[in-house]
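**Student:** fold the following, please.
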Amino acid sequence: MRSYTRLGSGAPATILEFGGANSCFLDKIVQEFSPAAYHVIDTNAYGLGLLRKRLSPGSRVHLHQASILDMARVSL
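**Tutor:** You can find the predicted model right below:
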């Protein structure tokens, strides 16, 4: 978190988390930085499903089942 705080400009950002199925970082980052959007990209459908269950309605978190090697097909 210290690195994010040092680099932050204060404006809401869009954050991408690669390999973030069932993310252990999401809650803390959203709480501390309130990003405009938070995209989680992972190939793991099961982990993305677990994360989907944790999200509240109206969340600015977007889940993408995709490989970082094929980002051309991910719509952010």
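
**Student:** can you get me a residue count around S23?
**Tutor:** 22 (other C-beta atoms under 10 Å). The way it works is simple: take the backbone N, C-alpha and C, and place the C-beta from them, glycine included.

**Student:** wait, it touches L51, no?
**Tutor:** Yes - with contact defined as C-beta atoms under 8 Å, S23 counts as touching L51 (6.0 Å).

**Student:** residue for residue, what is the longest helix the chain has?
**Tutor:** helix 45-54 (DSSP state H).

**Student:** against which helices or strands is that one packed?
**Tutor:** strand 37-42, strand 61-65 (3 or more C-beta pairs under 8 Å, 6 or more residues apart in numbering; DSSP states H and E).

**Student:** try it again with 7 Å
**Tutor:** strand 61-65 (3 or more C-beta pairs under 7 Å, 6 or more residues apart in numbering; DSSP states H and E).
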